[in-house]
Each structure stands twice: as structure tokens, then as C-alpha cells.
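>>> A structural model of the following input is requested.
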Amino acid sequence: MATFSPYPPHPGHPAGGVPGHGPRERWWRRNWVRHCALITLLALSGLVILALVRQQTGTEGFLVGLGLAVLPVPLLVAAFRWLDRVDPGPWRNLFFSFAWGACAAALIAIVANSFATRWIATTTADPTSADTLGATVIAPIVEESAKAAAVLLVFLFRRRDFTGIVDGVVIAGVTATGFAFTENILYLGTAFGTDQLTGDRGFTSVTAATFFVRIVMSPFAHPLFTVLTGIGFGIAALSPDRHHIRRILVPLTGLLLAMGMHAIWNGSSTFGQYGFFEVYGMLMVPAFGLLTWLAVWTRQRELRTVREELPVYVHAGWLPPAEPFVLGSMKARRLAREYARHHLGRPGSRTVAEYEAHATTLAFLRHRAGRGHVGPEFPVRERQLLHELWLRREVARPALDYAARRTAPPVPVVVPPWPVYGVYGNAGAPYSVYNPYRS
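Numbering: from 1, shown residues only. Coordinates of the predicted model:
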């Protein structure tokens, strides 16, 4: 008696070619060369910024500033990582973003701000106005441009990981978190040094006041500014490649908005006795609430996209009927990972998480293709993602099936009028006529 595999045939090599037989790359274009150069640049920037901050705060002030400045960092990174859970980007992008903000962007800001302020003071012979102009004009331009450089680099060189608004928000937010971390060390360490000279202690000290303003009241300030730039790049990522002007103007608009909000925040102390609290209550808090709502709404929209795009692969025989619902529910995903971890340990849970991530990327890829945002590389990328799902199916399918039974009723397979594109998702493709789950 003949037997049939419950899955479509193996898609073959994902790249569609034989590895190692392509044209040779020039040495400066190789990934390891670029990675080494980037790591060297960030390491040197870190050493220089460490020396500069320690010189201004002293060793004891640096250690106190470091201990206090690190407190909000895990919370902010965890919040951005939570936002990115639907289609999580690789950790290397977050490490790069934080390191760029804490090292390269902070170094650029310290050097450029100091040079500009001294030049203005020398030219105008008015140090007071130079400090005010430096804080309200020079610093926002320099700092937001330096932080935006990290978002631009990820957008250009990790384009596959940068697919929408959430990715822009996460990269920008983590970059700004790193920048604020270094800046807080400098401010808190300097405040501690001032208290050492004046003998102030406790709640009346400059250190306590600085900690309350920068760590308690406004740890989200720098991320809030730079997220506007990230949203601009996220909208550009969603725009078709042929819309060149939009892909340039929208990120620039986001950057200008970030500079403007940063300038208002820095200049709030010049708006009168209660200027700081007015700007905080009337601008910062509403903007924070609005951007938080936008980020959460975008996250829910991503889950809806997964549920709407994956059923075509159910019809093609690649996914069981209930999987689009499971992969479009964070609760069901968590149950699947917990089931795999209980029965197969950490490796099983990791495999299920990878399966969920590849399936989500596949849904987003198809969504962008339907809107004309991908080119001829779509079939190759689709083949790669299906290959990754095929490799993990034996571990992931039982866990996802368990999650489906816990969270959803049986899902009937309906064949909607999907647009014709792709290979395995095309209603006229060889594999789409085979549905092993159809009774």
C-alpha cells in the first residue's frame, strides 16, 4: 500500500543555487570585514567617551553616575523588545543600536556640542547666551542627527530586518536609550561631584534632584524624540521603491520633528518658573501617550496581518488550518513555546520560537508583495522561509496544535480570492493543489 508524506515536498536549496560557485566578492565587501570595522569603531568610541566622562566626573562620580544611570535601561529595552515580539528582529541589531547610541552618538554629541558652544561664546563674547543657544539649537540638531545615523545604517544594511513602523520605533528607541544612558552618567556624576564640594546630602542634594528629573520623571525623553525619526524610516520602509521622494522626505520630516521636540524640551527652563512642568504636562506626557498608543496599535495590526496572509499557505498544504490563528495570537504563541519547553526543554522552545518568527516574516513578505513593495526577489525569499518552516515542522507542529486546541475552536479552510503571485502561495502553483489536511 502506498504511503504519502503529510507535508509538501522539500523545497530544495533555499537560494536556488550551489553555494560557493558565485562571483568572488572584493575583500572590503565581505561581511566579516564590515563587522570588524564596525566593532573597532564602536570600541574606540567607547574608550574615548569613557575617558571623557571620567575626566569630567572623576572616578567616584563616574561610578555613582553609572550605578544610577543603568536603572531605567533594562525597563526601556524590555519595553521595546515586548513591542517587537510579533516579528522579533535579531539581537545583533539591538546591540548595535544601543552601542551606537551609548558610544558613537554620545561621543559625537559631546565633541560637537562643546566645540559649537565655545565658538559661539568666543564669537559673541556672551557665555550665558552661548549656553542657552547650545542647549536649545545646537544640541537637538547634533544629538538627533547622531542618533538617526544608527537608524539609517540599519535601514540601509539590514533592510530585511527593517520592514515597518515597529522596527523603526524599536531601533530608534534602543539607540536613544543607549545615548541617554551615557548622558545620564555624565549628568549624575557631575551632580555628585558638586555635592561633594558643597557638602549637600539626601533629598536636597543636586544628585537627588538630577536623579528625580532624568531617571524618575523623564527616562523616556530621548527615546520619545528619536522614535519620531524611527517612525519616519518605518513609513519609508513601507513605501514602494519607486517612491523615491517619499522615502527621503518622510524620514527627514521625522528627524525635524525629533529636533523640534528636543529643542522645546531643552528650552523649557527658559519659559518661566513653571516652564519645565508646563512642557512636561502639555507636550511630553501627551506625546508619550500618543506614540505608545500608535506602537501598540501597530503591533495589533501586525498580528491581524499574520492571520489574514497565512491562510493561503493552508490552502497550498504548507500549514494546518488552525496555524494562522495561533501565529496571530501572542497568547497562543506563548502556550506553544511553553508546551515545547515542558516536553523538549529549551531547545524545543527555541525551535518553536524560530518557527513562529519565520512564519510571521513569511506573512509580512506576502503582505508587502500584495502592495507592490517587493520585487523579483519575492519567490526566492518565500522559498527560503518555507525551507526554514519545513526544517522545524516536526517540533513546532505538535506545540502549535496544542496551543490551537487551548485557544481556538476548529478553523475551517476557506479559499478566498487571493491575488496571484509567489510560488507556494499561488493558487496556480504546483503545490497549491495539494492540501494534505483536507478530508
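>>> Please count neighbours and contacts with C-alpha atoms only from this point.
OK.
>>> just checking, what packs against the lengthiest helix in the chain?
Looking across the chain with DSSP state H, the single longest helix is helix 330-370. Where contact means 3 or more C-alpha pairs under 8 Å, 6 or more residues apart in numbering; DSSP states H and E, helix 330-370 is packed against helix 285-309, helix 323-327, helix 378-407.
>>> thinking His358 is in contact with Glu388, fair?
Yes: using C-alpha atoms under 8 Å, His358 is in contact with Glu388, at 7.0 Å.
>>> These two: which is more packed in?
A direct count of neighbours by other C-alpha atoms under 10 Å for His358 and Glu388 places His358 higher, at 20 against 17.
>>> what residues are up against Leu66?
Neighbour list for Leu66: Asn184, Ile185, Gly189 [criterion: C-alpha atoms under 8 Å, 6 or more residues apart in numbering].
>>> so the last one touches Gly67, yeah?
Read that as Gly189. No: Gly189 is not in contact with Gly67 according to C-alpha under 8 Å; the separation is 9.8 Å.
>>> Among these two, which residue is more densely surrounded?
Gly189 (30 against 13).
>>> related to what we said a few turns ago, show me the contacts of Leu66 that map onto helices.
Asn184, Ile185, Gly189.
>>> residues near the first one, how many?
Spelled out, it's Asn184. Counted with other C-alpha under 10 Å, Asn184 comes out at 22.
>>> what's the closest non-adjacent residue to it?
Ala69 (5.4 Å; C-alpha to C-alpha, 6 or more residues apart in numbering).
>>> Go ahead and confirm that neighbour touches Leu186.
No: checked against C-alpha under 8 Å, the pair Ala69 and Leu186 is beyond contact range at 9.1 Å.
>>> nearest to Thr204, of the helices and strands packed on helix 330-370?
Nearest to Thr204, of all the helices and strands packed on helix 330-370, is helix 285-309, at 25.9 Å by C-alpha to C-alpha.
>>> Quick check: buried residues in that closest one?
287-288, 291, 295, 298-300, 302-307, 309 (16 or more other C-alpha atoms under 10 Å).
>>> before we move on, what about stretch 248-263?
250-263.
>>> rewinding a little: could I get the pLDDT score of the residue nearest to Asn184?
We have a pLDDT of 95 for Ala69.
>>> What score does Trp418 have for pLDDT?
Predicted confidence (pLDDT) for Trp418: 47.
>>> Surely Ser97 touches Ala149?
No: Ser97 is not in contact with Ala149 according to C-alpha under 8 Å; the separation is 9.7 Å.
>>> Who has more neighbours out of those two?
Set Ser97 next to Ala149 and count neighbours by other C-alpha under 10 Å: Ser97 wins out with 28 against 18.
>>> For that one, which residues are in contact?
Applying C-alpha under 8 Å, 6+ apart, the residues near Ser97 are Ala150, Val151, Ile171, Ala172, Val174, Thr175, Gly178.
>>> how near is the most centrally placed residue in the chain to Trp32?
In the chain, the residue lying closest to the centroid (C-alpha atoms, centre = their mean) is Val170, at 2.6 Å. For Val170, the distance to Trp32 (C-alpha to C-alpha, to the nearest Å) stands at 25 Å.
>>> and if you look at Arg406?
Arg406 is 45 Å from Trp32, where distance means C-alpha to C-alpha.
>>> ditto for Glu377
Where Trp32 is concerned, Glu377 sits at a distance of 24 Å (C-alpha to C-alpha).
>>> just Asp161 next, same as before
On the measure of C-alpha to C-alpha, Asp161 and Trp32 end up 19 Å apart.
>>> More neighbours: which of those two?
With neighbours defined as other C-alpha under 10 Å, Asp161 and Trp32 compare such that Asp161 has more, 16 against 11.
>>> ok, the more buried one touching Gly89?
Yes: with contact defined as C-alpha under 8 Å, Asp161 counts as touching Gly89 (6.0 Å).
>>> Could you pull up the contacting residues of the closest residue to Pro127 other than its chain neighbours?
Excluding the flanking residues, the one nearest Pro127 by C-alpha to C-alpha, 6+ apart is Ala121, at 4.8 Å. When the contact criterion is C-alpha under 8 Å, 6+ apart, the partners of Ala121 are Pro127, Ser129, Ala130, Asp131.
>>> and the last one, what element?
Under the assignment given by DSSP states H and E, the secondary-structure element containing Asp131 is helix 127-133.
>>> before we move on, the earlier item: can you list the contacts of Ala121 in a markdown table and add pLDDT?
Listed next are the contacts of Ala121 as a markdown table, based on pLDDT from 0 to 100:
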| residue | pLDDT |
| --- | --- |
| Pro127 | 70 |
| Ser129 | 75 |
| Ala130 | 77 |
| Asp131 | 78 |
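>>> Give me the buried subset of those.
Buried among the contacts of Ala121 by 16+ other C-alpha under 10 Å: Pro127, Ala130, Asp131.
>>> ok, so what distance separates Ile185 from Thr305?
Ile185 sits at a distance of 42 Å from Thr305 (criterion: C-alpha to C-alpha).
>>> For the helix or strand harbouring Arg92, what is the distance to the chain centroid?
Secondary structure assignment for Arg92, by DSSP H and E: helix 91-99. The chain centre lies 9 Å from the centre of helix 91-99; the measure is C-alpha atoms, centre = their mean, to the nearest Å.
>>> Now the helix or strand following it: buried residues?
Proceeding N to C from helix 91-99, the next assigned helix or strand is helix 106-124, under DSSP H and E. Going by neighbour count (16+ other C-alpha under 10 Å), the buried part of helix 106-124 is Ala106, Leu107, Ile108, Ala109, Ile110, Ala112, Asn113, Ala116, Thr117, Arg118, Ile120, Ala121.
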